[in-house]
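> take this sequence and fold it.
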Amino acid sequence: MAIDDNNLVHRSIFFGPKEKRALRNQLPSSLGPCSTFEVLKACVWKCRTISFAIDPDEVVRISCLINIRGKNGFDLPLGYYGNSFVYPPSITKVGMLYTYPLEYGIRLLKKAKVEMSKEYVK
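From the prediction side, this is the model:
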């Protein structure tokens, strides 16, 4: 599906304490701790995908920069001051993102972070 960039409307959305609490209340305790960023990122990913009415069999992805500086297994050379981030994607079929609760998107985001390896970074 081609999305017409000239037909998009840009809007800012504010998530205050009440909205963030409402989203967190949808999550099961079995999910474990989630950052506010993960919760909001999954919510925006799901809502944006729904708003574009993409075919359920299409594949969608979302990526976000992740800092690897100081993470276990990612030792940078002494004195290195350059960039140290990766851009791992979370990928799923649209139908699954539509159907499953917010927890599903958050699990995909967490999985992408956990699966980062030295090989992926190279």
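> all contacts plus neighbour counts: C-alpha atoms, from now on.
Noted.
> point out where the chain drops to low pLDDT.
Where the chain drops to pLDDT under 70, the residues are 1-2, 122.
> all helices of it, in order?
17-24, 36-51, 94-99, 102-114, 118-121 (DSSP state H).
> of all the ones you listed, which lies closest to residue 75?
helix 118-121 (9.6 Å; CA to CA).
> take the helices of the chain and write them to TSV, including distance to residue 7 and mean neighbour count.
Listed next are the helices of the chain as TSV, based on distance: least, CA to CA, whole Å; neighbours: other CA atoms under 10 Å:
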stretch	distance to residue 7	mean neighbour count
helix 17-24	28	12
helix 36-51	13	16
helix 94-99	21	17
helix 102-114	27	18
helix 118-121	36	10
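> quick one: which of these is nearest residue 63?
helix 102-114 (8.6 Å).
> any idea how far that closest one is from the chain center?
Helix 102-114 sits 7 Å away from the centroid of its parent chain (CA atoms, centre = their mean, to the nearest Å).
> go on, stretch 111-122?
Centroid displacement of stretch 111-122 relative to its chain, using CA atoms, centre = their mean, is 15 Å.
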